[in-house]
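Colleague: need a structure here:
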Amino acid sequence: MVTVKNICCIGAGYVGGPTCAVIAYKCHDIKVTIVDLNAARIAAWNSDKLPIYEPGLDEVVFDRRGKNLFFSTDVDSAINEADLIFVSVNTPTKKSGMGAGMAADLAYVESATRRIAEVAKSSKIVVEKSTVPCRTAQSMRTILEANSTPELKFQILSNPEFLAEGTAINDLLHPDRVLIGALQTEDGIAAQNALVEVYTHWVPKERVITTNLWSSELSKLAANAMLAQRISSINALSAICEATGADVDEVAYACGRDSRLGPKFLKASVGFGGSCFQKDILNLVYLSQQLNLPEVAAYWNQVVIMNEYQKKRFVRQIISTLFNTITNKKIAVLGFAFKKDTGDTRESAAITLIKDFIQESARVAIYDPKVEHEQIYMDLSEPGVVDTRKELEKQITICSNAYEACEGADAVVIVTEWDEFRDDQLDYAKIYASMHKPAFLFDGRLLVNAAKLRKIGFKVNVIGKNELAGTA
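Modeller: Numbers count the residues shown, from 1 in each chain. So this is what the prediction gives:
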């Protein structure tokens, strides 16, 4: 039986950092070293201001850092010392070449695997932590086996993360399930049991699921695809609600009370974002195409199409409500992160909306409580030969609070469901007084009480509801 005493994690990002910090926090007998080639990122992990905002992360890191939790740029030493290595590097969607726009770019996974193969002097358990397409472990295995000897063996496990940003630490401390996939060989199962031992330091044994390698890889994509599918389903219904006078909140509540469906992920919105949903579905679409399953590919692709449609539909509604033009009008956008309680902007609906507003020659004022100003500029600039930053700065203003963003605005658009934008937190009467009249408010997150704001004087549009609100 292999006992894990030393863990190395390659990649100090959103997944590797919090996951391995919690392992160190719960397993004082295991030394955990998180390595990354990005020296600035490692310096941030070693400082008082961590590179990631996640509730509860600070106290976990500060409690164990320097005791059994270390952050380093010395990748080779960490690989050599470790019994078990998590590969937790970025797997972005490919921008060019075969499968561009859909397939995952596995270049970082491959280079990490090659580094392990070149450097390792003793047998290792290598664990796929990054979200990867099904059968990625096959290519990792080929590389590692080509470099193994009778004394030096590599076992590959798949241990996908199921973290939601904003609740990642709680998800790690109290997971619904921990999934560990292994090749169904004697050595594979022994490696699987070694990782089970690590997690059962704090996770009840019945919550640790062991499967074969391929089931584990596919389960991660499947879970995200099904969650995103629920959001696209309720968003599709929100369009019908607006056209018929039904209220999407009431419809979602009525459906959610069915115990077979349950209430989660039935909140209509301007569309889902985040680093995983779209990437994982497109991965599934590409995988289905590669396996010559075009109907399956088309089925999952529709979830993404629906999400894009929802964002475009919201923009169209804003423009048509503002008398079919937003040229030179000031639009206040509240929220830029893809959801509340995170500073992450990846695939955020705000990016699509604001780019469309800019194309329509609007002036856009943006406020988000957590997202760094530089990140907003980066997300809205078009990378390439021509730097659009100067042009961009003429059309957008990044504000330090909601009141500043809304002052003199023609319309307020709620894009992220931050609690501070609720009508019991924000003084909407003050905002109304400072705006151009008629003052329009578009709620893309079902966050505010429309009736209350209409009494103040706002013209309110809410996704999935029409103004008659069932009165006619």
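Colleague: Just give the nearest non-adjacent residue to residue 63, would you?
Modeller: Leaving aside its chain neighbours, residue 63 sits nearest to residue 25 (6.2 Å; criterion: C-beta to C-beta, 6 or more residues apart in numbering). The C-beta positions use only the backbone N, C-alpha and C, and glycine is treated the same way.
Colleague: May I see the buried residues of the one helix or strand that neighbour maps to?
Modeller: Using DSSP states H and E, residue 25 sits within helix 16-26. For helix 16-26, a neighbour-count test (16 or more other C-beta atoms under 10 Å) marks 16-26 as buried.
Colleague: Ok, stretch 394-408 next?
Modeller: 396, 398-399, 402, 405-407.
Colleague: Same check on stretch 79-91?
Modeller: Under 16+ other C-beta under 10 Å, the buried positions of stretch 79-91 are 79-80, 82-91.
Colleague: same question for that stretch, mean pLDDT?
Modeller: Across stretch 79-91, pLDDT averages out at 95.
Colleague: which residues touch stretch 323-335?
Modeller: Stretch 323-335 is contacted by residues 318-319, 322, 350, 353-354, 357, 360-368, 402, 405-406, 408-418, 421, 436, 445 when judged by C-beta atoms under 8 Å, 6 or more residues apart in numbering.
Colleague: Buried among the residues you listed? Make that a ChimeraX selection.
Modeller: A single ChimeraX command selects the buried members of these (16+ other C-beta under 10 Å):
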select :318,319,322,350,353,354,357,360,362,363,364,365,366,367,368,402,405,406,409,410,411,412,413,414,415,416,417,418,421,445
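Colleague: how long is stretch 444-458 end to end?
Modeller: 15 Å (C-alpha to C-alpha, to the nearest Å).
Colleague: what's it in contact with?
Modeller: Contact with stretch 444-458 is made by 248-249, 267-270, 314, 335, 349, 353, 413-417, 421-423, 428-429, 432, 437, 439-441, 443, 460, 462-465, 469, as judged by C-beta under 8 Å, 6+ apart.
Colleague: from those residues, which ones fall inside helices?
Modeller: Counting by DSSP state H, the contacts of stretch 444-458 place 248-249, 314, 349, 353, 428-429, 432 in helices.
Colleague: Which one of those residues is nearest to residue 293?
Modeller: Ranked by distance to residue 293 (C-beta to C-beta), the ones in helices among the contacts of stretch 444-458 are led by residue 349 at 29.6 Å.
Colleague: mind listing what the closest one touches?
Modeller: Residues near residue 349 by C-beta under 8 Å, 6+ apart: 269-273, 311, 338, 415, 444.
Colleague: switch the cut-off to 7 Å
Modeller: The contact partners of residue 349, by C-beta atoms under 7 Å, 6 or more residues apart in numbering, come to 270-271, 273, 311, 415.
Colleague: Show me the shaky parts of the stretch 1-150 of the chain.
Modeller: Along the stretch 1-150 of the chain, no part satisfies pLDDT under 70.
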